[in-house]
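> Any chance you could fold what I've pasted below:
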Amino acid sequence: MKLRKIGALFLSLAMALSLLAGCGGGSESESEGEEDGRGDVIESDPGDTLDEPEVNFEDFVGCWEYWDYDIWLYVYGDGTYEMYNADGDSTSGSYTPEGTEIVLDSGERFALDRDGGLIDGEGDGLFASELPDFTPNYYFDEYEIGINYELGQGNATLEDGAYYFEMNTDGQYYNVGPLVCSVDLESERDLGNGYVERIVTLYRGFTEEDIPMFTIGVSMGASYLFYDYYTGVLLPDNDNFETSDGSYYFAFDTPEGAVELDIGVESSRRNDVEGYRNIYAETITITAPDWYDGLVLSVPTQADTYDGVNARGEAFAALDDYYPALDLPWDAESALNCLVLW
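As a prediction, this is how the structure comes out:
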């Protein structure tokens, strides 16, 4: 260091002067030296070699990702941080600058490295990054199955939502036609045990204009299904899931947690509404966890053939487990899909 070199130069000059003084009058010189007693002292700044490198703690601020792990550290300039794993779960807290490091309240330490990254107390490196999008890839989103009806929005027409054929002819003159649908909220209440009850009514109407009347009458039909938005599984309200009181019980896992549902359905029909051949009404009572918002009521389009309708009915009756929507013979993408729990 420059200060040390200057100090050494002063020492050499002092020694030379001392020798010269000794030659001219040693007793006086010795007397002065005895009174002084300390000799010549080299003064230097203790920080010359012990000072730690200067650190700009603003360089810690930002998002950092581990090279070897799916873990992200987000350091904020206000003395707080957040740490995320690959599932988007996070912890948060505060940190304190100490020397050349920041120390999290969890005890973990991080320092800047020479490559513009961070290094933790275990020697694992992090690089500057950005937080990923932690939004889960839900089934209905992944496969772009749209929610195209909002609860309570009024009548909507589903093309090919109804089938009809001349009665007692084993499917002769089979055809498909429009179906007028609506879904209304009747009531909802908090059950106080972590569950809620919601009652909705599904109306499906066959108009006189769209469904012709054959010589010996017309047989008409339409269907509805329940799906879970997150996993895409069909919840079949058939005999395999029926309870002793006539409702249907479903238990399944979602990315948001385990779900238990109880769904009761009461059906009725009216044929005295002007302009309609028939109107079917399903009053649906749903008991669900108060956090669950993924129940989809779906009205599908109909099969192209009479045999196709029968095949669907047989497949539905045989379901004894949960299967994803796109693995089943109903086109969820073309259906009228309404979130009845959100």
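> which residues touch A317?
Applying C-beta atoms under 8 Å, 6 or more residues apart in numbering, we find A317 in contact with N238, D239. Where C-beta positions appear, they are placed from N, C-alpha and C, glycine not excepted.
> 10 Å - rerun?
P236, N238, D239, N240 (C-beta atoms under 10 Å, 6 or more residues apart in numbering).
> Now do the residue lying closest to the third one once chain neighbours are set aside, the pLDDT please.
Read that as D239. In this structure, D239 finds its nearest non-sequential neighbour in A317, 7.1 Å apart by C-beta to C-beta, 6 or more residues apart in numbering. At A317, the model reports a pLDDT of 97.
> which among the contacts of A317 gets closest to L261?
P236 (12.2 Å; C-beta to C-beta).
> Excluding chain neighbours, what is closest to the closest one?
Nearest to P236 is L319, by C-beta to C-beta, 6+ apart, at 4.1 Å.
> Now for the nearest residue to G121 once chain neighbours are set aside: which residues touch it?
Leaving aside its chain neighbours, G121 sits nearest to R109 (4.1 Å; criterion: C-beta to C-beta, 6+ apart). Listed by C-beta under 10 Å, 6+ apart, the contact set of R109 reads Y95, E98, G99, T100, E101, I102, V103, I119, D120, G121, E122.
> was I right about the last one contacting A111?
Right, the one you point to is E122. No: under the criterion of C-beta atoms under 10 Å, E122 is not in contact with A111, lying 11.9 Å apart.
> what number of residues lie near Y224?
21 (other C-beta atoms under 10 Å).
> Burial check on I211, number of neighbours?
Using other C-beta under 10 Å, I211 has 21 neighbouring residues.
> what's the helix or strand for it?
Counting by DSSP states H and E, I211 is held by no secondary-structure element, helix or strand.
> State the distance from it to S268.
19 Å (C-beta to C-beta, to the nearest Å).
> before we move on, what about R109?
69 Å.
> same deal with T201?
From T201 to S268 the distance is 10 Å (C-beta to C-beta).
> With neighbour numbers in mind, choose between the two.
Set T201 next to S268 and count neighbours by other C-beta under 10 Å: T201 wins out with 15 against 10.
> buried stuff in the host helix or strand of the more buried one?
Here T201, judged by DSSP H and E, is contained in strand 195-207. Of all the residues in strand 195-207, those buried under the rule 16 or more other C-beta atoms under 10 Å are Y195, V196, R198, I199, V200, L202, Y203, R204, G205, F206, T207.
> Relative to R189, which of the residues you listed is nearest.
The closest of the buried residues of strand 195-207, once distances to R189 are taken by C-beta to C-beta, is V196, at 6.9 Å.
> Next up, the contacts around that closest one.
The contact partners of V196, by C-beta under 10 Å, 6+ apart, come to E188, R189, D190, I286, T287, A288, P289, D290, W291, Y292, L341.
> out of these, which are buried?
I286, T287, A288, P289, Y292, L341.
> export those residues to JSON lines and tack on secondary structure, distance to Y230 and pLDDT?
Formatted as JSON lines, these follow (DSSP: H, G, I helix; E, B strand; the rest coil; distance: C-beta to C-beta, whole Å; pLDDT from 0 to 100):
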{"residue": "I286", "secondary structure": "strand", "distance to Y230": "16", "pLDDT": "98"}
{"residue": "T287", "secondary structure": "strand", "distance to Y230": "18", "pLDDT": "98"}
{"residue": "A288", "secondary structure": "strand", "distance to Y230": "13", "pLDDT": "98"}
{"residue": "P289", "secondary structure": "strand", "distance to Y230": "13", "pLDDT": "97"}
{"residue": "Y292", "secondary structure": "coil", "distance to Y230": "9", "pLDDT": "97"}
{"residue": "L341", "secondary structure": "coil", "distance to Y230": "12", "pLDDT": "88"}
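> Tell me the one of those residues nearest A86?
Nearest to A86 among these, counting by C-beta to C-beta, is Y292 at 24.3 Å.
> Quickly note the distance from the closest one to G77.
From Y292 to G77 the distance is 38 Å (C-beta to C-beta).
> Would you map out the domains in this structure?
Split into domains by automatic domain parsing, the chain comes to 57-128, 139-339.
> Most tightly packed of the ones you listed?
Most buried of the domains of the chain by mean neighbour count (mean count of other C-beta atoms under 10 Å) is domain 139-339; its value is a mean of 16.
> Now stretch 133-147 - C-alpha only, CSV.
Taking Å, rounded to 0.1, in the frame of the first residue of the first chain, the C-alpha atoms of stretch 133-147 are listed here in CSV:
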residue,chain,number,x,y,z
ASP,A,133,-46.2,-17.9,-13.7
PHE,A,134,-47.4,-20.1,-10.9
THR,A,135,-51.0,-20.3,-12.1
PRO,A,136,-51.9,-24.0,-12.1
ASN,A,137,-52.7,-25.5,-15.5
TYR,A,138,-56.3,-26.4,-14.9
TYR,A,139,-57.9,-29.0,-17.2
PHE,A,140,-60.6,-26.6,-18.6
ASP,A,141,-57.9,-24.0,-19.3
GLU,A,142,-55.3,-26.4,-20.7
TYR,A,143,-57.8,-27.9,-23.3
GLU,A,144,-59.6,-24.6,-23.9
ILE,A,145,-63.0,-25.9,-22.8
GLY,A,146,-64.9,-22.6,-22.4
ILE,A,147,-67.3,-21.5,-19.8
